[in-house]
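Chemist: Sequence first, predicted model second:
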Amino acid sequence: MRDDPPRLLLLDDDEDVGLAAQLLLQRRVGPLQCISRPAELLPRLAQWQPALLLLDLNFGPGRTDGSQGLRLLGEVLAQPHAPAVLAMTAYADIPLAVQAVKRGAYDFVTKPWDNAALVALCQQAVQSRQPNGHALTPAPATVAEPPRSLAVQERAALIGAVHAAEGNLSEAARQLGLSRAALYRRLDKHGL
């Protein structure tokens with residue numbers, strides 16, 4: 001079982017998103033199962049035991065605040081041998097991304113995603129949870145998490161600075177020691 005590719009699970013109420021993720025990730029990262037209803041999540045986690053969960057944060061028409069997904073994120077991370085989680089939504093904003101990461105998501109993906117970036121992020125997230133092919137039990141909150149790649153750290157710093165500046169990009173650029181144009185380029189690079 002050591003040489004088996006990592007298993008992935010996607011919870012998204014849009015079947016087209018599931019199909020796109022399967023086409024992209026099956027051959028590049030690992031086998032992917034898709035489910036569309038939040039009630040299916042915990043039973044499928046127990047049965048499939050994925051290394052990575054791609055978790056949509058909004059379910060049902062008109063929902064854009066991410067509260068449903070954030071609640072599910074907490075439930076997933078409370079499970080023994082919880083997978084790494086990438087939070088996903090089409091209604092992304094900086095405070096929601098910060099909240100998801102603070103609550104334990106490995107990172108945050110905005111739909112539609114950049115294919116190469118999503119593949120790389122999935123691979124990094126799986127590696128963070130499965131060094132040498134062994135699933136890890138989630139570490140207690142007092143233990144530092146495994147080191148993240150420079151790109152993931154830069155993305156987190158950008159999100160944090162924009163959140164701390166309450167969305168004021170000029171102030172966020174000043175806090176980061178960047179010109180406003182350089183901040184825009186970095187935000188664009190990371191899909192923010």
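Modeler: That came in fine, so what should we check first?
Chemist: any idea how far A78 lies from Q68?
Modeler: As judged by Cβ to Cβ, to the nearest Å, A78 and Q68 stand 16 Å apart. Every residue, glycine included, has its C-beta placed from N, CA and C.
Chemist: Compare these two (neighbour count), which wins?
Modeler: Each of A78 and Q68 has its neighbours counted (other Cβ atoms under 10 Å); Q68 has more, 17 against 11.
Chemist: where does the more buried one land on pLDDT?
Modeler: Per-residue pLDDT puts Q68 at 90.
Chemist: could you list every residue that touches it?
Modeler: Listed by Cβ atoms under 8 Å, 6 or more residues apart in numbering, the contact set of Q68 reads P38, L57, N58, F59, G60.
Chemist: got the residue ranges for the strands in the chain?
Modeler: Along the chain, the segments classed as strands by DSSP state E run 8-11, 32-35, 52-56, 84-89, 107-110.
Chemist: Kindly reformat those strands as a markdown table containing mean neighbour count and distance to G74.
Modeler: Formatted as a markdown table, the strands of the chain follow (neighbours: other Cβ atoms under 10 Å; distance: least, Cβ to Cβ, whole Å):
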| stretch | mean neighbour count | distance to G74 |
| --- | --- | --- |
| strand 8-11 | 25 | 14 |
| strand 32-35 | 18 | 18 |
| strand 52-56 | 27 | 11 |
| strand 84-89 | 26 | 10 |
| strand 107-110 | 23 | 16 |
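Chemist: and this structure, what are its domains?
Modeler: Taking automatic domain parsing as the reference, the chain has its domains at 8-139, 149-192.
Chemist: Return the most buried member of those domains.
Modeler: domain 8-139 (a mean of 18; mean count of other Cβ atoms under 10 Å).
Chemist: Tell me the confidence at the most centrally placed residue in the chain?
Modeler: Closest to where the C-alpha atoms of the chain average out (Cα atoms, centre = their mean) is L86, at 1.8 Å. pLDDT for L86: 95.
Chemist: what does T142 give?
Modeler: T142 is given a pLDDT of 35.
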